[in-house]
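Q: predicted model follows, preceded by the sequence.
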There are 4 protein chains.
Amino acid sequence: MNSFGTIFRINIFGESHGKWVGITIDGCPAGIDLTESDLLPDLERRKPGAAGTTPRKEDDAPIFVSGVFNYKTTGAPLTIVFENNNTRSADYESLRDTPRPGHADFVLDKKFNGYNDYRGGGHSSGRLTVALVAAGVVAKKIMTGVAINASLTEAGGNADIEAAINKAIADQDSIGGIVTCNVKGLPVGVGEPFFNSVESVISHAVFSIPAVKGIEFGSGFAAARMKGSSHNDALIDDSGTTLTNNAGGINGGISNGNELYFRVAIKPTSSTPQQQNTWNNKSQSVEAFTVKGRHDLCIALRVPVVVEAITAIALADLFLNRTGY
Amino acid sequence: MNSFGTIFRINIFGESHGKWVGITIDGCPAGIDLTESDLLPDLERRKPGAAGTTPRKEDDAPIFVSGVFNYKTTGAPLTIVFENNNTRSADYESLRDTPRPGHADFVLDKKFNGYNDYRGGGHSSGRLTVALVAAGVVAKKIMTGVAINASLTEAGGNADIEAAINKAIADQDSIGGIVTCNVKGLPVGVGEPFFNSVESVISHAVFSIPAVKGIEFGSGFAAARMKGSSHNDALIDDSGTTLTNNAGGINGGISNGNELYFRVAIKPTSSTPQQQNTWNNKSQSVEAFTVKGRHDLCIALRVPVVVEAITAIALADLFLNRTGY
Amino acid sequence: MNSFGTIFRINIFGESHGKWVGITIDGCPAGIDLTESDLLPDLERRKPGAAGTTPRKEDDAPIFVSGVFNYKTTGAPLTIVFENNNTRSADYESLRDTPRPGHADFVLDKKFNGYNDYRGGGHSSGRLTVALVAAGVVAKKIMTGVAINASLTEAGGNADIEAAINKAIADQDSIGGIVTCNVKGLPVGVGEPFFNSVESVISHAVFSIPAVKGIEFGSGFAAARMKGSSHNDALIDDSGTTLTNNAGGINGGISNGNELYFRVAIKPTSSTPQQQNTWNNKSQSVEAFTVKGRHDLCIALRVPVVVEAITAIALADLFLNRTGY
Amino acid sequence: MNSFGTIFRINIFGESHGKWVGITIDGCPAGIDLTESDLLPDLERRKPGAAGTTPRKEDDAPIFVSGVFNYKTTGAPLTIVFENNNTRSADYESLRDTPRPGHADFVLDKKFNGYNDYRGGGHSSGRLTVALVAAGVVAKKIMTGVAINASLTEAGGNADIEAAINKAIADQDSIGGIVTCNVKGLPVGVGEPFFNSVESVISHAVFSIPAVKGIEFGSGFAAARMKGSSHNDALIDDSGTTLTNNAGGINGGISNGNELYFRVAIKPTSSTPQQQNTWNNKSQSVEAFTVKGRHDLCIALRVPVVVEAITAIALADLFLNRTGY
């Protein structure tokens, strides 16, 4: 299913080489100021252009189809679409017989009995994250006083991102990275015990971003090597402030009023310029091949704003649904 | 909300010191062999008793309330309850004014305006994982040919678990650990693009287990430091077998037929025997205190079977819901 | 699936001849006064005892399993169970070969491949409505200022209910009836355009009560024969009061602040004392048979409180979920 | 929320006077033959043009945005949009102060705090049923062997529909009608006990159509006046054929293999040419007014294909979700 959320619910649609990609937000409150230009700064952050990103450029001009009237949300389903105006389907035709390593080509073909739109990854394309970024802007506006910031803090194992990119270009090989995200201003009490814990819902959302392979909240994997006495965060006042923040702002699945933070592992872009081996369905043998098309050498560069968006979307649903309050 | 899943849907209920804890499975197919004794081996694995676990012992005898008839599931909602027969509420009364560090005491009090059952963590207690383990047995039975195995591969930063526990006992301080889980026999095509990716749904489920702070699939965080040419898994035959398995058995959110595996970070038990500081609401000052009650020094010892269970539950829902097939 | 609702979500479980039947409410707000005795008046109204009802009597003593602490709801899942202490399974064994006309015996056997608990209708028994009545009391308490009243306004085609029952007893044949329900004090704005219209959600809920075959809101079927000029309700003040109320308190699926009312058609109890024909699977022929067991001659007598309960449950979910507000 | 269904899930969006209206189907199986022209016959049936329908004409040319590739569904979300090319917003500006009787103007204004798009009913417009009809065609294709037929069997209380329309034109007053729907070929076992009964799910869907005020299955309201001995349908063979069909093809909420049928009450079009009274917010008094704009004198003429569509959508979800099978 391609929807996410309970009462602030998003549905995405579209394919890499279709006419439009888009998103519908169901359950958006009425009366929120919203213009198409409000979306542009975040959309701009997702765009390629920097060294290490694909030369495929899209205008990424959002079109409001419904749910906005006189520059305000109406409470009706809010649909936003983006035109795909820069597709080269021919790039992909030759790859049908050779599923690309690291990509979903093989599993999509099997899962959908060959009926999937295979051009550019079809529906399973990073192209659709443009729609997530758009919805993220709306979600951020709902949670007044909450600030979400994600950035790339490591690429190819190097905290000097620029150096890492230059090395990748020199190596002509793709690299991954670490995105760090923090949320300030989140009130105490967001999230539910067990299945709708903040970690559950954010991780669910974040793993829907292509290329994400890991997530850790607060001290995360390091916590597994700590002692309880040093991991526990001592409360120091009435409002729940803690001396340390190993919990990453979450206890028992519920926000505790301290800064929420987590780290996300992004694998190297599957489409590397390097020659690789894969199975050729026609020749029925393993063959060397090189991916064609225009690709990001370090997709992680463009992921932070997507992490912000999906985090905002996940939190907005929990935020609006605080039945315990 | 305390339910999880779309068509194989579980609902848990109960509190640490209530009469019963339990679970209802809605959407369980009819005709699956099931007796209460089928649940015992997994329930036994979750029980305390080993060094490093709590001396609080429960019988953990499952009672089928509904949904089973003549030793088969009927297709109606399947409810299983467990009696709580070993509770000591008095242990907790004195703690109301001093929210325990690392626990959810503070956030639950705020979220539920003081109406939550605070005894032993109330609903937000690890006690409820007994019900998850029970449902996990049912989920495992649904996916014939699929084998899920989780084990504790590291405790307190040490791969020699026994040594780690002995050190924790000597130190009188709690420790965490790493649970590694693999799934064999999962067919190609389980999971959906984007929001119901295998990673999304498993991580959602796994983070509902108290004390989990991180998860990584396949090469996980290490992938962030790899190059595309070495991270990509080359396909080597018609059935999708790959030479390496950095993807952990998942491409584009969908199972690829290779072994699925992931690692889970468990923080140290919050209830450490060590003296700690916390805020005292009565005296309005930070005070030293020591947790009373009976607790696990290394809760991670008891988590693997819970990870197995919740993974089975998550996969069963995706497995039964393969509309793409 | 045996759950209903989005954020005030109920799950029922149990069988007619099992040990317990019960219900879990997920999403119940914390802090609502609730004792087991609060449920008794509505449970009493559902009980048999009057002329025309079954001599099978149950204590119907509600047991709170979870979600209530110190006489208040806690915000955690609220589970209530009822013991079945008056079952006679032997009554049903002989009927396995002869699906009872009007009952679900035949369809349940086919749908669940013979694995369903066939005793007394199993899960598909009116017995489970005891759990709905319990949840209805909770739902009513959530909507302060809202009063829901349902009553039997016609039985066997006769507005004099007592006379109708006496005739049915004399005829030794079961009868149906009409339940009329009104809701006062519902604020403007409950319900959503299209799929979660008040009519959609109430009808969904009401048709889950066994024996319901029709529902109409406001002027209902009569509206189909009216002219627009006489059907339309003229607004006469700022608060939306209308001169007439053909709309039954709902416009465009949303409550308009006037009295909400609807009528429900209840078919005659399927278990009539009269001899009937049915297919005998063993003899492979149509044979005469008479239903044994203890049954209601006019189940409609006991339905009003169930209609009230399920209406409260349906409205509470919409009420708590007014994102448009 | 503007979505419906669990695994075959639809989401509608758009406003009467927006640029497009549309629908996304999430969970549509892959490999179904589908072209835009497949939708035209049903779309044609919904169009105005006959006597008694609005002169507002739309092209109603469906545009596939996603989910279809090489004339087959792909398994990805299927989005279909329709352009609104015949809107006259000016018609509605003057009505802001005078909520139209029978319409949702008043409740929408209150529910959405005045932020709703009020032009032509905004999102709450019958215009959106064009999208439901489109999705209905897809749903029908999924259930091979199942035939759904709805027709207008009564208008203004008259079974001679043409005469009824002529009278309405002569009277210059709007009328309602009765839509009768039957479903042939539905296998035994569709639907669930209690909350997802066939009646529950179909009624939920049907009441989402504007102007519907009642529904009855099988003998419906007449059943309330029958005796059990005459209402019960005797089974006469192994496959569940019944001698009569008072149940309308449903027992215990589950299809029994006989013809499924139900009747739907449609109220008269709210926009009648007759002068009416309503509250004027500006003058703060009741005033006479006449609806302007182009409207259907008998909207019931155009409803049957919408009932067919929404019935197909509701059944497809139950059909694909037969976990009991």
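A: That came through fine.
Q: which helix or strand contains the closest residue to A:Asp60 other than its chain neighbours?
A: With C-beta to C-beta, 6 or more residues apart in numbering or on different chains as the criterion, A:Asp60 has its nearest non-adjacent residue at 4.8 Å, and that residue is A:Leu43. Yep, even glycine has a C-beta here, placed from its N, CA and C like the rest. Secondary structure assigned from DSSP states H and E places A:Leu43 in helix A:40-46.
Q: now for that helix, which elements pack on it?
A: Helices and strands touching helix A:40-46, by 3 or more C-beta pairs under 8 Å, 6 or more residues apart in numbering or on different chains; DSSP states H and E, are helix A:129-142, helix A:304-320.
Q: now the longest one: buried residues?
A: Neighbour counts using 16 or more other C-beta atoms under 10 Å in any protein chain shown place A:304-320 of helix A:304-320 among the buried residues.
Q: when you check chain C, which of those residues turn up near it?
A: Counting by C-beta under 8 Å from any C-beta of the partner chain, A:Leu320 from the buried residues of helix A:304-320 sit close to chain C.
Q: and the stretch 51-200 of chain A, which residues reach chain D?
A: Counting by C-beta under 8 Å from any C-beta, the stretch 51-200 of chain A sits next to chain D at A:65-67, A:69, A:72-79, A:81, A:111-113, A:115-117, A:122-123.
Q: list the contacts for the residue in the stretch 101-250 of chain A positioned nearest to chain B?
A: Closest to chain B within the stretch 101-250 of chain A is A:Ala104: 2.5 Å, counting by C-beta to the nearest C-beta. Going by C-beta atoms under 8 Å, 6 or more residues apart in numbering or on different chains, A:Ala104 touches A:121, A:124, B:193, B:251-254.
Q: give me the number of residues near A:Asp117?
A: 28 (other C-beta atoms under 10 Å in any protein chain shown).
Q: and chain A, which of its residues are near chain C?
A: Close to chain C, as judged by C-beta under 8 Å from any C-beta, chain A has residues A:6-8, A:27-30, A:75-76, A:193, A:320-321, A:323-324.
Q: which of those residues lies closest to D:His17?
A: A:Ala76 (12.3 Å; C-beta to C-beta).
Q: quick one, grab the pLDDT at that closest one.
A: You'll see A:Ala76 listed with a pLDDT of 96.
Q: could you look up the SS state of it?
A: Under the three-state scheme (DSSP: H, G, I helix; E, B strand; the rest coil), A:Ala76 adopts coil.
Q: can you get me a residue count around it?
A: 32.
Q: could I get the contacting residues of it?
A: A:66-67, C:193, D:2, D:13, D:15, D:116-117, D:122-123.
Q: make it 10 Å
A: Counting by C-beta atoms under 10 Å, 6 or more residues apart in numbering or on different chains, A:Ala76 touches A:26, A:28, A:30, A:66-69, C:192-194, C:324, D:2, D:12-15, D:18, D:108, D:112, D:115-117, D:122-124, D:128.
Q: same check, this time on A:Glu199
A: Contact analysis of A:Glu199 by C-beta under 10 Å, 6+ apart lists A:191, A:215-218, A:248, A:250, A:253, A:260, A:262, B:203-204, B:206-209, B:212-215.
Q: narrow those residues to those that are buried.
A: A:191, A:215-218, A:248, A:250, A:253, A:260, A:262, B:203-204, B:206-209, B:212-215.
Q: now, these that are in strands?
A: A:215-217, A:250, A:260, A:262, B:212-215 (DSSP state E).
Q: JSON lines for the residues you listed, including pLDDT?
A: Shown next, in JSON lines, are these (pLDDT from 0 to 100):
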{"residue": "A:Ile215", "pLDDT": "98"}
{"residue": "A:Glu216", "pLDDT": "98"}
{"residue": "A:Phe217", "pLDDT": "98"}
{"residue": "A:Ile250", "pLDDT": "98"}
{"residue": "A:Leu260", "pLDDT": "98"}
{"residue": "A:Phe262", "pLDDT": "98"}
{"residue": "B:Val212", "pLDDT": "98"}
{"residue": "B:Lys213", "pLDDT": "98"}
{"residue": "B:Gly214", "pLDDT": "98"}
{"residue": "B:Ile215", "pLDDT": "98"}
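Q: am I right that A:Thr144 is in contact with A:Leu186?
A: No: with contact defined as C-beta atoms under 10 Å, A:Thr144 does not reach A:Leu186; the gap is 11.6 Å.
Q: which of those two has more residues huddled nearby?
A: Neighbour count, other C-beta under 10 Å: between A:Thr144 and A:Leu186, A:Leu186 has more, with 25 against 8.
Q: that one looks like it's in a helix, true?
A: No: assigned with three-state DSSP, A:Leu186 falls outside any helix and is coil.
Q: nearest residue to it in space, please, no chain neighbours.
A: A:Ser255 (4.9 Å).
Q: and the one you found, what are its phi and psi?
A: A:Ser255 adopts backbone torsions of phi -60, psi 140, taken as degrees, to the nearest 10.
Q: what's the distance between it and A:Val81?
A: Computed as C-beta to C-beta, to the nearest Å, the A:Ser255 to A:Val81 distance reads 33 Å.
Q: buried ones among the residues of the stretch 51-200 of chain A next to chain D?
A: Of these, these count as buried by 16+ other C-beta under 10 Å: A:65-67, A:69, A:72-79, A:81, A:111-112, A:115-117, A:122-123.
Q: in a helix, A:Tyr92, correct?
A: Yes: assigned with three-state DSSP, A:Tyr92 falls within a helix.
Q: burial of it, as a residue count?
A: Count around A:Tyr92 with other C-beta under 10 Å applied: 21.
Q: taking the stretch 151-300 of chain A, what residue is nearest to chain B?
A: A:Gly252 (2.6 Å).
Q: wait, that residue sits on A:Asn196?
A: No: applying C-beta under 10 Å as the test, A:Gly252 and A:Asn196 come out as separate, 11.9 Å apart.
Q: okay, those two: which has more neighbours?
A: Per other C-beta under 10 Å, whichever of A:Gly252 and A:Asn196 has more neighbours is A:Gly252, with 28 against 24.
Q: for A:Val188, see how far away the more buried one is.
A: 12 Å.
Q: go on, A:Thr87?
A: According to C-beta to C-beta, A:Thr87 stands 47 Å off from A:Val188.
Q: cool, A:Gly122 as well?
A: For A:Gly122, the distance to A:Val188 - C-beta to C-beta - is 43 Å.
Q: got it, and A:Leu235?
A: In terms of C-beta to C-beta, A:Leu235 sits 12 Å off from A:Val188.
Q: likewise for A:Met1?
A: Counting by C-beta to C-beta, the gap from A:Met1 to A:Val188 is 32 Å.
Q: ok, A:Gly52 next?
A: Counting by C-beta to C-beta, the separation of A:Gly52 from A:Val188 is 40 Å.
Q: mind checking which of those two has more residues around it?
A: More crowded of A:Gly52 and A:Val188, by other C-beta under 10 Å: A:Gly52, with 23 against 18.
Q: rewinding a little: list residues touching both of A:Leu235 and A:Val188?
A: A:251, A:256, A:258, B:106.
Q: now, the most widely separated pair of the residues you listed?
A: A:Asn258 and B:Phe106 (10.6 Å).
Q: who has more neighbours out of those two?
A: B:Phe106 (26 against 23).
Q: what are the phi and psi angles of that one?
A: Dihedral angles for B:Phe106 - degrees, to the nearest 10 - are phi -60, psi -50.
Q: with that, I have no additional questions.
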